[in-house]
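Build the 3D model from these lines:
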Amino acid sequence: MSAIKKINVVVAGATGYVGLDLINILAKHPKVNIKYLCAQKSIGEKIDKFDTRIKKKLPKISNINKVKWNEINLVFTSLPTGEAQKLINKLYKYKKLKFIDLSADFRIQNTKVFKKYYGFTHKAKKLIKDSIYSISEFSKDKIRSKKIIACPGCYPTSIQLPLIPLLKKNLIKKDNIIIDSKSGYSGAGKNLKKKFKHKNLYRSIHSYGISNHRHLSEIDQEFYKISNKKIKYVFTPHLIPTYRGLLSSIYVEKKRSVTLSKIHKELKNFYKKSTFVKISKINKNIGTENVIDSNMCQVSVCKLKNKNKILILSAIDNLIKGAGGQAIQNMNLIYNFNENLGLR
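Residues are numbered from 1 along each chain as shown. As a prediction, this is how the structure comes out:
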């Protein structure tokens, strides 16, 4: 497939946290024409009312029923869970139309597992075969043949980028992996106060979803794909009193003959051609300061008091590499644009 000059794009769910970050990046992308910005409310409003970073003159917010679909190449769906399934069902007849979904609607391939974690029956079961779960660094060779691209959740992105290469090479033990993740509150969406009732929401740290967080389903799914043995791990997410940014602290036990240096070298080698994954020097303390407002993932491998165990730190911006930025990275791969186009 040769690269095309420009694509016409629709953003469905334009006024949410993820939608606005997505639009802010798309508006500067040299290969994109934003034809429609769609939402259920605020019809006729300008998008810069919701985000003053967006300087480019863009279409006013409209109802999705107003879209002339024959003119469109790509739809970004940043909608509540279940809504993309219904929309894509209706639009699937348009042959040239592709979909990049930023919700969980097509992340889980097993519909029984989907129902267990999300509480309702999948509304587009027949379309799952035409979808792909896409962390961009892992799916480059497969993504172009699929019509529906499912962007992973922010926590799974931060977790899988450092762990998948090590698990594939059998460098770490596949049990007793401990994952402690902390995310800015934007990860919970605009309905944050409805989801979390604890006091001092914007001034406190709060754990949640300890045994049943929905992202467990996609982590399980992707771990199973690359392992001949069940990978045993625990995962605890936390909301922290900052708007954006995500840091995962991952504790693993290395195989007996494996050194810290070997693990670091494997990650450096795996990502040596990657624009967006940076492996830091061994034992470097990192946070989110270097990844905020970027599509970067920064990873650090650190020694611990227990010589058999190591700490892997993985930092991303939850709204960019964990959502909108990765969606655009996937778009670049689909259309044979430079992978980092619009994301530098």
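
neighbours of residue 57, just the number please.
Counted with other CB atoms under 10 Å, residues neighbouring residue 57 total 9. For glycine as for every other residue, the C-beta is placed from the backbone atoms N, C-alpha and C.

An error on my part: the question was meant for residue 267.
The tally of other residues near residue 267 (other CB under 10 Å) stands at 24.

Is it correct that it falls within a helix?
Yes. Counting by DSSP: H, G, I helix; E, B strand; the rest coil, residue 267 is found in a helix.

Would you confirm that it contacts residue 300?
No. The criterion here is CB atoms under 8 Å, and residue 267 misses it with residue 300 at 9.8 Å.

where do the contact lists of these two overlap?
residue 279 (CB atoms under 8 Å, 6 or more residues apart in numbering).

which sections of this protein are below the confidence cut-off?
1-3, 187-199 (pLDDT under 70).

Try it again at 90.
Along the chain, the model assigns pLDDT under 90 to residues 1-5, 140-141, 176, 185-214, 227-230, 241, 243, 256, 307, 344.

Can you list the helices and strands that whichever helix in it runs longest packs against?
When the chain is parsed with DSSP state H, its longest helix is helix 154-168. Helices and strands touching helix 154-168, by 3 or more CB pairs under 8 Å, 6 or more residues apart in numbering; DSSP states H and E, are strand 177-184, helix 215-225, strand 233-240, strand 246-253, helix 260-270, strand 297-303, strand 309-316.

can you rerun that using 6 Å?
helix 215-225, strand 246-253, strand 309-316 (3 or more CB pairs under 6 Å, 6 or more residues apart in numbering; DSSP states H and E).

On the three-state scheme, residue 285 is what?
coil.

got the contact list for the residue nearest to it when sequence neighbours are not counted?
Nearest non-adjacent residue to residue 285, counting by CB to CB, 6 or more residues apart in numbering: residue 300, 7.3 Å away. Contacts for residue 300 (CB atoms under 6 Å, 6 or more residues apart in numbering) come out as 280, 284, 286, 313.

Also residue 55?
Residue 55 touches nothing, counting by CB under 6 Å, 6+ apart.

Go again with 10 Å.
24, 27, 28, 48 (CB atoms under 10 Å, 6 or more residues apart in numbering).

Look at it and give its secondary structure.
With three-state DSSP as the criterion, residue 55 reads coil.

Now do it against residue 44, distance only.
20 Å (CB to CB, to the nearest Å).

got it, and residue 156?
37 Å.

Also residue 327?
For residue 327, the distance to residue 44 - CB to CB - is 26 Å.

Between those two, point out the one with more neighbours.
residue 327 (25 against 8).

So that one sits against residue 22, correct?
Yes. Contact criterion CB atoms under 10 Å: residue 327 and residue 22 qualify, at 6.2 Å.

which residues are common contacts for the two?
Common neighbours of residue 327 and residue 22 (CB under 10 Å, 6+ apart) are 76, 78, 100, 102, 320.

okay if I get those residues as a markdown table plus distance to residue 211 and neighbour count?
Output for these, formatted as a markdown table (distance: CB to CB, whole Å; neighbours: other CB atoms under 10 Å):
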| residue | distance to residue 211 | neighbour count |
| --- | --- | --- |
| 76 | 32 | 29 |
| 78 | 28 | 30 |
| 100 | 31 | 24 |
| 102 | 26 | 27 |
| 320 | 29 | 29 |
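
Could you export the residues you listed as JSON lines, including secondary structure and distance to residue 173?
As requested, those are exported to JSON lines (DSSP: H, G, I helix; E, B strand; the rest coil; distance: CB to CB, whole Å):
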{"residue": "76", "secondary structure": "strand", "distance to residue 173": "39"}
{"residue": "78", "secondary structure": "coil", "distance to residue 173": "38"}
{"residue": "100", "secondary structure": "strand", "distance to residue 173": "35"}
{"residue": "102", "secondary structure": "coil", "distance to residue 173": "33"}
{"residue": "320", "secondary structure": "helix", "distance to residue 173": "32"}
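
Adding distance to residue 38 as columns, could you present those in JSON lines?
What follows is these, written out as JSON lines (distance: CB to CB, whole Å):
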{"residue": "76", "distance to residue 38": "10"}
{"residue": "78", "distance to residue 38": "10"}
{"residue": "100", "distance to residue 38": "14"}
{"residue": "102", "distance to residue 38": "14"}
{"residue": "320", "distance to residue 38": "21"}
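
What is the nearest of those to residue 334?
residue 100 (8.0 Å; CB to CB).

so what's that closest one up against?
Per CB under 10 Å, 6+ apart, neighbours of residue 100: 9, 22, 74-78, 84, 134, 148-151, 324, 326-328, 330-331, 334.
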